[in-house]
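[1] sequence-free structure coming up:
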């Protein structure tokens with residue numbers, strides 16, 4: 001998405017260019033999931049078929065965590 005994702009040892013994901021304002025959000029490069037992220041949509045489908053609702057909720061929370069990381073630049 002153009003944020004400069006990297007992983008710092010012992011810290012988890014970090015972003016070189018965190019989202020600090022509406023302009024930076026508008027500049028996000030959103031890929032077409034049906035093309036470049038097909039493996040993600042396949043994985044989500046598999047999760048929906050095999051896991052209970054409580055587990056699916058946990059997977060959804062991960063998206064929220066990633067969004068927070070994108071704003072903060074990483075885990076704090």
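    Happy to help now that I have it. Remember, it's a predicted structure, so these values are computed and weren't measured experimentally.

[2] ok, the closest residue to residue 30 other than its chain neighbours - contacts?
    What sits nearest to residue 30 in space, not counting adjacent residues and going by C-beta to C-beta, 6 or more residues apart in numbering, is residue 1, at 6.7 Å. C-beta coordinates here come from the backbone N, C-alpha and C atoms, glycine included. With contact taken as C-beta atoms under 8 Å, 6 or more residues apart in numbering, residue 1 is in contact with 28-31, 70.

[3] same question, residue 13
    5-7, 66, 69, 74-75.

[4] Could you list which of the residues you listed belong to strands?
    Here DSSP state E is the test, and those give 5-7 as lying in strands.

[5] Please tell me which one of these counts the most neighbours.
    residue 5 (15 neighbours; other C-beta atoms under 10 Å).

[6] Helices along the chain, start to end?
    22-26, 38-50, 53-72 (DSSP state H).

[7] pLDDT of the longest one, averaged?
    Same thing as helix 53-72. Average pLDDT, helix 53-72: 71.

[8] do the same with the second one
    Helix 38-50 shows a mean pLDDT of 82 in the predicted model.

[9] Same check on the shortest one?
    When pLDDT is averaged along helix 22-26, the result is 89.

[10] buried stuff in it?
    For helix 22-26, the neighbour count (16 or more other C-beta atoms under 10 Å) marks no residue as buried.

[11] Would you pull up how far it lies from the middle of the chain?
    Centroid separation for helix 22-26 versus its chain: 17 Å, with C-alpha atoms, centre = their mean, to the nearest Å.

[12] do the second one as well
    Taking the mean of its C-alpha atoms, helix 38-50 sits 15 Å from the chain's own mean (C-alpha atoms, centre = their mean).

[13] Next up, the contacts around residue 28.
    Contacts of residue 28 (C-beta under 8 Å, 6+ apart): 1-3, 19.

[14] Which one of the contacts of residue 1 sits in the busiest neighbourhood?
    Busiest of the contacts of residue 1 [other C-beta under 10 Å] is residue 70, holding 20 neighbours.

[15] Thanks a lot, catch you later.
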